[in-house]
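*Asks:* Structure of the sequence below:
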Amino acid sequence: FYPFANLDDWRGANFLLTLGLSMRALNKFLSLKATKNMPLSFWTAKDLHTCAELLPSCPRWKFQIIPTTHSMKEPIQLYFCDALDCVEALFNHPFFEDKMDFTP
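*Replies:* The predicted structure is shown next:
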C-alpha cells in the first residue's frame, strides 16, 4: 500500500482523489473534527497529492501505423499497451494484494 499506511488508507485517498475536489475543499474536509478521528496517513491536500505522485503509473497506450498494400481513406492505427507493463501494474495494485495466489 506504499505510500499509504494500509488498504483503508489507500481507499480513502483514492475516493478523495477521484472526487475532483480542489485543494482548498480537500483541506477543509481533512480539517473536520470527524475526519481527524480517522486513521489517515495524510492530513492536508498537499500530503495526499504527494503520496499519490509516488504511486506507480498505469501502462501507457502506444500506437503504430500499420502499412497496407491497399489504398485507404485513413491509415490503420493499432493501439496497444505493453503486456509486461500491464502485468506489473496488476501485481502492484493494492486491490489485488489478497486476490492472487502463486504456486511454484
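*Asks:* which residues sit in contact with Asp85?
*Replies:* The contact partners of Asp85, taken as C-beta atoms under 8 Å, 6 or more residues apart in numbering, are 59-60. The way it works is simple: take the backbone N, C-alpha and C, and place the C-beta from them, glycine included.
*Asks:* pretty sure it is in a helix, no?
*Replies:* Yes - under DSSP: H, G, I helix; E, B strand; the rest coil, Asp85 sits within a helix.
*Asks:* Just the pLDDT at it, thanks.
*Replies:* pLDDT for Asp85: 91.
*Asks:* report the longest helix in this protein, please.
*Replies:* Counting by DSSP state H, the longest helix found in the chain is helix 7-18.
*Asks:* tell me which residues of that helix are tucked away?
*Replies:* 9-10, 12-13, 16-17 (16 or more other C-beta atoms under 10 Å).
*Asks:* end to end, how far does stretch 89-104 reach?
*Replies:* From its first residue to its last, stretch 89-104 covers 21 Å (C-alpha to C-alpha, to the nearest Å).
*Asks:* What mean pLDDT does it get?
*Replies:* pLDDT averaged over stretch 89-104 gives 80.
*Asks:* Touching that stretch from outside, list them.
*Replies:* Contacts for stretch 89-104 (C-beta under 8 Å, 6+ apart): 1, 4, 7, 10, 56, 58-59.
*Asks:* Please enumerate the strands of the chain.
*Replies:* 62-66, 76-80 (DSSP state E).
*Asks:* any idea of the angle the last one forms with strand 62-66?
*Replies:* Note on geometry: by axes from the mean of the first three to the mean of the last three C-alpha atoms, to 10 degrees, strand 76-80 and strand 62-66 are set 150 degrees apart in direction.
*Asks:* and strand 76-80, which strands flank it?
*Replies:* Take DSSP bridges as the rule and strand 76-80 pairs in its sheet with strand 62-66 (antiparallel).
*Asks:* How far off centre is the strand it pairs with?
*Replies:* Relative to its parent chain, strand 62-66 has a centroid offset of 25 Å by C-alpha atoms, centre = their mean, to the nearest Å.
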